[in-house]
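Undergrad: next one to model:
(one chain, ligands or ions: 1)
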Amino acid sequence: MPTDRLTDLKNRLALVQDLRASAAVLEWDQETYMPPGAAEARAHQLATLKTLAHRRFTDESVGALLDGLDGLVEDEFDRALVRVTRRDFERATKLSADLVARLARAKARALEAWKRARQNDDFAHFAPHLREIVDLSIEQAEALGYERRRYDALLDEYEPEATWAEVDAAFRDLRAELVPIVQALAEADPPDDAFLHRPYDPERQWNLGLDVLRAFGYDFARGRQDRSAHPFSTAFSVDDVRVTTRIAPDFFPTGFFGTLHEGGHALYEQGIDPALDRTPLASGTSLGMHESQSRLWENLVGRSRPFWRWAYPAVQEAFPDALGGVAEEAFYRAINRVQPSLIRVEADEVTYHLHVMLRFEIESALLDGSLDAADVPAAWNAAMEEYLGLTPETDADGCLQDIHWALGAIGYFPTYTLGTLMSVQLFDAAKRDLGDLNGQFERGEFGPLLGWLRAHVHRFGRARSASEILEETTGGPLDAGPWLAYVREKFGAIYEASL
Ligand code: ZN
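TA: Got it, this is the predicted structure:
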């Protein structure tokens, strides 16, 4: 009977999800409270849990149950469960246990080498590890299979449906529009942002972040915030979705916008239909869609003019020494200053994509064999000069700044830009349905927006793909047009420039 098979499948998947969630708790602990001496023991614990989860998931019986259920399931979520599980199962079983183990070891070594190389500004120390990661990624792509380019097989892990050719075409179009905008902004008078670099009491920053998360609708009965060196969000269940943040005592935006960003990721996970919990459907449908949620709350809400009409009085009151004499409008302009910079995670909304594009080009060239790992610094610096007019003085501020390649995550970077484009498409659709969002933000009302996102994006988890969500909400596919229109309007007004 299909129902018995379905129940059997769900029980097996629930066990796998429990193992994965337990590993995620250990990882969260590793980044927040674990004493440094526990690193070796923790690596063993994580390897054990992940190996068990992988074995249970790729067991023949799971494949047999999936075969037995093909075409026999009626319910929308159950059909999605079979489809998504089949996809994950096929990906997981294409990789041999030997390749998975070699990848895991190479990543662990590369991560340590990257940390040291970055600390000592010594790219040569990282180069052989990067070469090994690239070689194994190629082997992985060949095992997974692809139609046109190796890159597609890796991108598929992070952004199912997307292909290298689509990303390449979208990035070319976007760059052609973006470069003149960046130039026009560089020639205009920049807003003064010196007051953002004053001392901001860390305790008050922390509490302010909690207040805004609460106002956005983050549920602290099903989540918590802690400190970590690199902010992240993680979910162990729909009922336990956590965020971390990092506070800079002398720079306001780091803590505040980092908190809003991770909060946006967490709101997505808290909004998934509880019926999907303990199944593979209980997470974001793609990294791009996930990033659309974080950037929507961070930028489209958190860096908007109406948001600050509501938030500024409390912020000014919390930091009278830094902001006592700073007008609301001056503050709004300062947090939206556009300036070509070296570091991606500190980049403004406009120049951000140029950082992503250069990484996409470099990893594409590494995978197709036209660039050797040893030549990455030269390629990086040439692209930085071409796109942003800057050359990093050190590789630590250049090609060693991001952790992704050391973690074996090649094909991940484009999702940052794809998600940002999606965020404006979704925000426009919400505005169309909800009317005066600006007025709501000015009154600190975020419930209608969150409710809309829950109804159209969050609740489906992985049961709907990113393109299905975009189609349903906007009537079309991924499109850079709305983001460009948003940038022209917002930054044209701030800079009094015609873009
Ligand atoms: Zn993010």
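
Undergrad: could you report the pLDDT at the residue nearest the centre of the chain?
TA: With distances taken as CA atoms, centre = their mean, residue 291 lies nearest the centre of the chain, 4.3 Å away. Per-residue pLDDT puts residue 291 at 98.

Undergrad: element containing it?
TA: Here residue 291 sits within helix 287-295, counting by DSSP states H and E.

Undergrad: any buried residues in the next helix or strand after that helix, and which?
TA: Later in the chain than helix 287-295, the nearest helix or strand by DSSP H and E is helix 305-318. For helix 305-318, the neighbour count (16 or more other CB atoms under 10 Å) marks 305-312, 315-316, 318 as buried. From N, CA and C alone the C-beta is placed, and that goes for glycine too.

Undergrad: do stretch 460-468 as well
TA: Per 16+ other CB under 10 Å, stretch 460-468 contains these buried residues: 460-467.

Undergrad: for this protein, which helix is longest?
TA: Longest helix of the chain, by residue count under DSSP state H: helix 2-32.

Undergrad: what average pLDDT does it get?
TA: 94.

Undergrad: list of residues touching whichever helix or strand comes after it?
TA: Next in sequence after helix 2-32, counting helices and strands by DSSP H and E, comes helix 39-57. Contacting residues not belonging to helix 39-57 are listed as 12-13, 15-16, 19-20, 22-23, 26-27, 30, 34, 88-89, 92, 100, 104, 108 [CB atoms under 8 Å, 6 or more residues apart in numbering].

Undergrad: just the buried subset of these, please.
TA: 12-13, 16, 19-20, 22-23, 27, 30, 88-89, 100, 104.

Undergrad: in TSV, list those residues along with distance to residue 414.
TA: Output for those, formatted as TSV (distance: CB to CB, whole Å):
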residue	distance to residue 414
12	33
13	29
16	28
19	30
20	25
22	31
23	27
27	24
30	28
88	21
89	25
100	24
104	24
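
Undergrad: looking at the residues you listed, which is nearest residue 138?
TA: residue 100 (15.4 Å; CB to CB).

Undergrad: does that closest one sit in a helix, a strand or a coil?
TA: Secondary structure, DSSP: H, G, I helix; E, B strand; the rest coil: residue 100 is helix.

Undergrad: and the pLDDT for the nearest residue to it once chain neighbours are set aside?
TA: Among residues not flanking residue 100 along the chain, residue 54 sits closest, at 7.1 Å (CB to CB, 6 or more residues apart in numbering). pLDDT recorded at residue 54 is 92.

Undergrad: who's in contact with stretch 152-172?
TA: Counting by CB under 8 Å, 6+ apart, 87, 91, 137, 140-142, 144-146, 148-149, 151, 286-288, 353, 357, 360, 364, 367, 409-412, 414-415, 417-418, 421, 465-467, 478, 480 sit against stretch 152-172.

Undergrad: chain center to it, what's the gap?
TA: 15 Å (CA atoms, centre = their mean, to the nearest Å).
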